[in-house]
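Enquirer: return a 3D structure for these sequence lines:
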Amino acid sequence: MPPVAASIYRWAKRFSIPELYAISAFILLAIWLIYWFGRSAVLGVARLHRIVPRRWIVSRLPGPWRRFHFIYLPNGLRWMDISRRHQGIAIVIMFTANIVGLTLRIDSWNEVQRRAGSFAIIHLIPLCTGLTFGIPADILRLDRQVMAWSHRWIGRLCVMHSLLHGSILVPTVRASSLKTARHIVPLAAGSCLVLIVPLTHARVLRHHMQFAMKCHYCLAAVAISTLAYHLIERQSVYRWYLLGGVCLWLIVSLGACVMTLFAHRRCRSFRHEVELSAFNGLLWLEIALPRHRVIYPGQYVQLCFPQAGVRARLQFVSLYVGFWEESATGRTLHMVARPQSGLTRRLYESLRRRHLRHIDGDGKNYPGKAHQITKQPVIVFGPYGRTHNLDSFGTILFVVEEIGFYRTLSYIEMLVQASRDRRAMIRKVEVLWEVEDSRYDPSIPYFFAQGQPDYYAKSSVYRR
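Expert: Below is the predicted model:
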């Protein structure tokens, strides 16, 4: 064996397999961060000197690789949260690395079970991404969906390792001797981790986002607490790994808050006024922001309503900006939300109770009219989110459902204006909008109602 390889082998023998797994993951993460920062610096300098175009990376990719990147898999795999081939490749790599780590240099099945517990703690560390991984992803200019997908699958691997490690208690359960905290506490931790998995399903997140996230946070807090008790009681060295994960959670959360404050340092106050109105089963919001808070299509803001109660202060509402209007002093953002369980439902019901019926001059009631506008103080964070550059496409098709249509307004307005100014090669923008008959508002949004030619934008409405 060469001297360098021999020294590396002797160094690696000092550590256990789970520790080597964690060290390898840390090294790969460091390499990825160095590559990302280097690539961003090189592209930034190149764009500054106009050496490469804006879409240099995409334009240099061969056609087969681009088609491979956007190919979708069958519905069965998509139901399992594997919608693209590169996601399937990433899952195969993760599972292979975990299987090799579990089965390398083992003497018995009990050693596999103990090693699975170590892997479960190691997988908890990348899950500690703060109160929300959305803000860190946007600050680091990472794709939020990719980070969310990685978070879900790393968590599922952690649950699988926990179940494998918990199989040690099967003989104890058969003997019916679960009487002490030594056995009850790890069972409680494993149960909390298992209950988090169904909360991460796409259908649950789509229809019950607030409820799912609250349950997620509560179960995660209970699981971390019980795991800490279990590791301290066992005097395991991996209690320091868990402590490192908790410290990472605190640092990321604090860093996100500090960077948010730094990004808005030019504001004397975060407080603004929001105009709320309820019409046609929707909650409409308008907020005036100063001009230095730049916004791009597809971004969202987070709102905190101080006067809505103590619970509302701890619950930020994330709303995508439909469109905005420029003025001499700032920008007026227009947003729309469908009232669901939580703060948006309470705001909508308060408007509805206050202005449910409007009495006309003849004394008749007209409950179908729009509710009057109400102003409330609000704390605005953002805008956050990454925008997509669609200037290099000729025909663009948006397929939207319900109020998702309003997320495309800013994109459509930007594309139409870019085509008029000859800054893009857009020939046509089409929108397929699926709505329910009971919720359909026949007034098409503002720019379609202004007589735009079909050469630029075309809207088709499909009713269920």
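
Enquirer: what are the ranges of the strands in the stretch 351-464 of the chain?
Expert: Secondary structure of the stretch 351-464 of the chain (DSSP state E, counting those that start in this stretch): strands at 358-359, 365-366, 374-384, 395-401, 428-435, 457-463.

Enquirer: low-confidence ranges in the stretch 51-200 of the chain?
Expert: Applying pLDDT under 70 to the stretch 51-200 of the chain picks out residues 51-74, 130-143, 172-181.

Enquirer: where do the helices sit along it?
Expert: 56-60, 63-69, 75-79, 85-103, 109-124, 134-139, 144-166, 170-174, 181-199 (DSSP state H, counting those that start in this stretch).

Enquirer: kindly report the same for the stretch 251-400 of the chain.
Expert: 310-313, 343-354.

Enquirer: which of the strands of the stretch 351-464 of the chain has the lowest average pLDDT?
Expert: For the strands of the stretch 351-464 of the chain, the weakest mean pLDDT is recorded on strand 365-366, namely a mean of 42.

Enquirer: domain assignment for the chain?
Expert: Using automatic domain parsing, the domain parsing of the chain gives 15-32+58-261, 271-384, 395-463.

Enquirer: returning to that earlier point: pick out the shakiest of the helices of the stretch 251-400 of the chain, pLDDT-wise.
Expert: Ranked by mean pLDDT, the helices of the stretch 251-400 of the chain bottom out at helix 310-313, with a mean of 65.

Enquirer: what about the stretch 251-400 of the chain, any weak spots by pLDDT?
Expert: Scanning the stretch 251-400 of the chain for pLDDT under 70 picks out 259-271, 308-315, 341, 354-373.

Enquirer: phi first, then psi, for the nearest residue in space to Ser410 that is not next to it in sequence.
Expert: In space, and not counting its chain neighbours, Ser410 is closest to Pro297: 3.7 Å by C-beta to C-beta, 6 or more residues apart in numbering. For glycine as for every other residue, the C-beta is placed from the backbone atoms N, C-alpha and C. Torsion angles at Pro297 (phi, psi; degrees, to the nearest 10) stand at phi -60, psi 140.

Enquirer: go on, Asn280?
Expert: phi 60, psi 30.

Enquirer: residues near it, how many?
Expert: When neighbours are defined as other C-beta atoms under 10 Å, Asn280 has 11 of them.

Enquirer: distance of it from Arg352?
Expert: The spacing between Asn280 and Arg352, counted by C-beta to C-beta, to the nearest Å, is 12 Å.

Enquirer: ok, back up a step: distance to Gly38 added to the domains of the chain, as JSON lines?
Expert: Output for the domains of the chain, formatted as JSON lines (distance: least, C-beta to C-beta, whole Å):
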{"stretch": "domain 15-32+58-261", "distance to Gly38": "11"}
{"stretch": "domain 271-384", "distance to Gly38": "25"}
{"stretch": "domain 395-463", "distance to Gly38": "30"}
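
Enquirer: of those domains, which approaches Val45 most closely?
Expert: Nearest of the domains of the chain to Val45, taken as C-beta to C-beta: domain 15-32+58-261 at 16.4 Å.

Enquirer: quick one: list the elements packing against the host helix or strand of His230.
Expert: Per DSSP states H and E, His230 falls inside helix 209-234. Using 3 or more C-beta pairs under 8 Å, 6 or more residues apart in numbering; DSSP states H and E, the elements in contact with helix 209-234 are helix 109-124, helix 181-199, helix 239-263.

Enquirer: JSON lines for these, including distance to Ala337 and mean neighbour count?
Expert: JSON lines is the format used below for the helices and strands packed on helix 209-234 (distance: least, C-beta to C-beta, whole Å; neighbours: other C-beta atoms under 10 Å):
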{"stretch": "helix 109-124", "distance to Ala337": "34", "mean neighbour count": "20"}
{"stretch": "helix 181-199", "distance to Ala337": "22", "mean neighbour count": "17"}
{"stretch": "helix 239-263", "distance to Ala337": "22", "mean neighbour count": "15"}
